[in-house]
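Colleague: Sequence and predicted model, in that order:
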Amino acid sequence: MHILVWILFGLVVGVVAKFLMPGRDPGGFVITAGLGIVGAFVGGFVGRMLGWYQDGSPVGFVMAVLGAIVVLAIYRSTLGRTV
């Protein structure tokens, strides 16, 4: 159940990250949503490992969005040139 919550949370985070970082992506909505899931996981994991917040904290959403923006920026910079 915890994994399903992270996937749904990641979808929301992916949409927010796409909204905050508009422009053309090398992939479509599915890729952006997948990157949001990865970014939410990475951002949440890093924030909790560094002790910045606990599970369920509103700051976790901010870290997840930042993680998704970073993952999306890396994706754009690496695959944006080849497509």
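Modeller: All right, it came through fine.
Colleague: For residue 23, what are phi and psi?
Modeller: Here is the backbone geometry of residue 23 (degrees, to the nearest 10): phi 130, psi 180.
Colleague: Contacts only, for it.
Modeller: Neighbouring residues of residue 23 by C-beta atoms under 8 Å, 6 or more residues apart in numbering: residue 76. The C-beta positions use only the backbone N, C-alpha and C, and glycine is treated the same way.
Colleague: mind checking the SS state of the closest residue in space to residue 59 that isn't next to it in sequence?
Modeller: Nearest residue to residue 59, sequence neighbours excluded (C-beta to C-beta, 6 or more residues apart in numbering): residue 53, at 4.3 Å. With DSSP: H, G, I helix; E, B strand; the rest coil as the basis, residue 53 sits in coil.
Colleague: On the pLDDT front, check residue 53 for me.
Modeller: We have a pLDDT of 78 for residue 53.
Colleague: ok, now residue 25?
Modeller: So residue 25 comes in at 67 (pLDDT).
Colleague: Residue 46 now?
Modeller: Taking residue 46 on its own, its pLDDT is 83.
Colleague: elements contacting the host helix or strand of it?
Modeller: According to DSSP states H and E, residue 46 maps onto helix 29-49. For helix 29-49, the packing partners by 3 or more C-beta pairs under 8 Å, 6 or more residues apart in numbering; DSSP states H and E come out as helix 2-20, helix 59-79.
Colleague: In contact with the spatially most central residue of the chain, which residues?
Modeller: In the chain, the residue lying closest to the centroid (C-alpha atoms, centre = their mean) is residue 68, at 2.3 Å. Under the criterion of C-beta under 8 Å, 6+ apart, the neighbours of residue 68 are 10, 13-14, 16-17, 35-36, 38-40, 43.
Colleague: Alright, that wraps it up for me.
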